[in-house]
Each structure stands twice: as C-alpha cells, then as structure tokens.
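Colleague: Just to be clear, the model below is a prediction. Sequence and coordinates:
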Amino acid sequence: QVQLVESGGGLVQAGGSLRLSCAASGGIVSINAMGWYRQGPGNERELVATISSGGSTNYADSVKGRFTISRDNAKNTVYLQMNSLKPEDTSVYYCYAGVRTALWQRNAIDYWGKGTLVTVSS
C-alpha cells in the first residue's frame, strides 16, 4: 500500500522560511510527477508546485521566486523550500505522487498525503 507522509510544517513569522518533506513508500516501482498543493481556510485546493521525474518544475504565480521544489528519486521524497513566507501562505499543504506499483501498469496513479499545516503569523 502506497503511503505519502509529509513533515516540516509549523508556525513561522512572516518573512521566515520552512522546508516541507514528503516521503513515499510501499510497493513503488516508479514515480512520475510529484508535487504540492495547498488549501487555506475557506479556499479550494490549489496547485503550489510540481516536479517531473526528470526534474522539470512548475510553480503557481503566487509562489514563484519564493518557493523551490526538489526531489530525491533514490529516497522517493519531494521537498518544498519556502522562503519569504507571507500570512496568505497559511494553509494545509498536501503532497502527491504519480506512482506505478507494477511493471505492467501503463498509467501512474496519484496518491496523496494527509497534509501538514503551515501557519504564517504577521
């Protein structure tokens, strides 16, 4: 059973930094894209950043220049370095991974973590 476990959330003052981690485990053959979404109070879940298996990245306009996504394929882990945090970044951050669990499986299936809370105080 594939599991994704996030860590690194917490409370930080505006202008500060946090680094989120998300480790995938359980019967993994390969991982395609990985990424982060977030959902703030009263808001819909929104894309933060994604990274392909080859390292190509994509960011929401609201975080460009402040957040950096990276991954360690050997550890099946994706990271999100968040700098210059703003109160509006306060959200629950969810990671996802497109996972294949069998060699014959053509399409990856998206698995999600349970989320980690990031709170930015003004």
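Modeller: Great, that's in hand. From a predicted model like this one, the values you see are computed outputs, not experimental measurements.
Colleague: hey, let's count contacts and neighbours off CA atoms from now on
Modeller: Fine.
Colleague: quick one: secondary structure of the closest residue to Cys22 other than its chain neighbours?
Modeller: Distance criterion C-alpha to C-alpha, 6 or more residues apart in numbering; nearest residue to Cys22, sequence neighbours excluded, is Glu6 at 4.2 Å. Here Glu6 is strand, with the state taken from DSSP: H, G, I helix; E, B strand; the rest coil.
Colleague: Please determine how far the residue most central in space within the chain is located from Val99.
Modeller: Within the chain, the residue whose C-alpha comes closest to the C-alpha centroid is Trp36; the distance, by C-alpha atoms, centre = their mean, is 2.8 Å. Trp36 sits at a distance of 15 Å from Val99 (criterion: C-alpha to C-alpha, to the nearest Å).
Colleague: what comes into contact with the helix or strand where Ala49 lies?
Modeller: Assigning secondary structure by DSSP states H and E places Ala49 in strand 46-51. Outside of strand 46-51, the residues within contact range by C-alpha atoms under 8 Å, 6 or more residues apart in numbering are 33-39, 57-60, 63, 69-71.
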